[in-house]
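# Next comes the sequence, and after it the predicted model I'd like to discuss.
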Amino acid sequence: MRVGAIDCGTNSIRLLIADMEEGADGAVHLSEVVRRMKIVRLGKGVDATGWLAKESLERTFEAAREYAGLLKEHGAQKVRFVATSATRDAGNRHIFTNGIQEILGVEPEIISGTEEAALSFAGALSSVGNTEQMTLVIDLGGGSTEFVLGNKDGVVASQSVNIGCVRMTERHVSSNPPSVDQIARVIADTDRAIGGASAEVDFSVAERLVGVAGTVTTVTAHALGLDSYDPQAIDRTELSIKDISKAAADLVAMTTEERAELGFMHEGRVDVIGAGSIVWARIIERISKMTEGRVSTAIASEKDILDGIALSLAR
């Protein structure tokens, strides 16, 4: 069966069209046909206003019309559209849902943080492998971050918190590079979020750390010294937390112009990668300490909630 999955977050809207097949192991596997990503910044200003801006909605609807054409062209038989943090927080989300349904003919699902976490976990493990190891998947998005702990038997615990590259930029970062005070405020917000999440998720039992979404993969690309964005080189790359933190610090210290010159940097991430890098570096350093150094590396996965959405269509 050919399926279509759309993930609409705070910063980007992404499409995956894939053929779904059952493998010899009895598990469902995806064979990618089309994968697209557009930065539409749907959640711009939502943290402050609680409202989806007209310009943001128009950019998102334009992308949705393009995706509708691709879904029709490639003959997707089932389609699922999922919206996350920005839409959950918006008072005028009905304008968004009505517009998407009119364009795509499917009802967009505004999912909870718990379901977002489960879908991210399923997507990530489809890339890095489903083992008995207690794996902590961290999905660092534009408006929220999901912490998901589990193994091959499923999710043990999860928590969604309102920190992300766009939200932290809008709250705290007004210059690139950010000032010492701006960095300190992002770190303080991140620490509070980690503390809150730790009430639900026992980070200390983690044996493996996996990061997903654009901030994580962009920091990984920089750590690898890539000249251009290469998903195959990034996917399943395991780096030391020390090396990841150094790459994150490099990106934070750059000006907007310096970031824009990096061949792997998507133009829509130039202004928010600084805050995102601060959050990612702080999370992995804290997790390493909470596990008393047992977790000393992090794996980047190109497969994430988008793949989880596609896999969910097997149900």
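Here it is on my side, so go on.
# Give the bridge partners for Ser31, please.
With DSSP bridges applied, Ser31 shows beta-bridge pairing to Asp19.
# quick one, phi/psi of Glu207?
Per-residue torsions, Glu207: phi -110, psi -20 (degrees, to the nearest 10).
# these two touch, right, it and Thr135?
Yes - if you go by C-beta atoms under 8 Å, Glu207 and Thr135 touch, sitting 7.1 Å apart. The way it works is simple: take the backbone N, C-alpha and C, and place the C-beta from them, glycine included.
# what ranges do the helices span in the protein?
Assigned by DSSP state H, the helices in the chain fall at 46-49, 54-73, 85-89, 93-104, 113-128, 165-172, 180-197, 214-224, 231-234, 241-253, 256-260, 273-290, 305-312.
# now for the second one, which elements pack on it?
Read that as helix 54-73. Helices and strands touching helix 54-73, by 3 or more C-beta pairs under 8 Å, 6 or more residues apart in numbering; DSSP states H and E, are strand 2-8, strand 12-22, strand 28-39, helix 93-104.
# In TSV: those, plus mean neighbour count.
Shown next, in TSV, are these (neighbours: other C-beta atoms under 10 Å):
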stretch	mean neighbour count
strand 2-8	25
strand 12-22	20
strand 28-39	16
helix 93-104	16
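# out of the ones you listed, nearest to Asp189?
Closest of these to Asp189 is strand 12-22, at 21.6 Å (criterion: C-beta to C-beta).
# Just want the angle from that closest one to helix 54-73.
20 degrees (axes from the mean of the first three to the mean of the last three C-alpha atoms, to 10 degrees).
# quick one: average pLDDT of strand 12-22?
The average of the pLDDT scores along strand 12-22 is 92.
# now do stretch 121-128
For stretch 121-128, the mean pLDDT works out to 91.
# Kindly report the same for stretch 76-87.
In this model, stretch 76-87 has a mean pLDDT of 89.
# Just the CA coordinates for it, please, in CSV.
Only the C-alpha atoms of stretch 76-87 are listed here, as CSV (Å, rounded to 0.1, in the frame of the first residue of the first chain):
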residue,chain,number,x,y,z
ALA,A,76,-1.2,7.7,-2.2
GLN,A,77,-4.0,5.4,-1.1
LYS,A,78,-4.1,6.6,2.6
VAL,A,79,-3.1,9.9,4.0
ARG,A,80,-2.6,11.1,7.5
PHE,A,81,-2.0,14.8,8.4
VAL,A,82,-0.7,15.5,11.9
ALA,A,83,-0.2,19.0,13.5
THR,A,84,1.7,19.5,16.7
SER,A,85,2.9,22.2,19.1
ALA,A,86,2.0,25.5,17.4
THR,A,87,-1.5,24.4,16.4
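# Among the helices and strands packed on helix 54-73, which comes closest to Phe203?
When the helices and strands packed on helix 54-73 are compared by C-beta to C-beta, strand 2-8 sits nearest Phe203, at 25.5 Å.
# out of Glu207 and Thr135, which sits in the more crowded spot?
Thr135 (24 against 14; other C-beta atoms under 10 Å).
# Give the bridge partners for that one, please.
The partner residues for Thr135, given DSSP bridges, come to Gly150, Arg208.
# Could you give the number of residues near the closest residue to Thr114 other than its chain neighbours?
Spatial nearest neighbour of Thr114, chain neighbours left out: Ser158 (6.0 Å); criterion: C-beta to C-beta, 6 or more residues apart in numbering. Neighbourhood size, Ser158 [other C-beta under 10 Å]: 23.
# Check Ser158 and give its pLDDT.
Ser158 is assigned a predicted lDDT (pLDDT) of 95.
# what bridges to it?
Beta bridges link Ser158 to Val148, judged by DSSP bridges.
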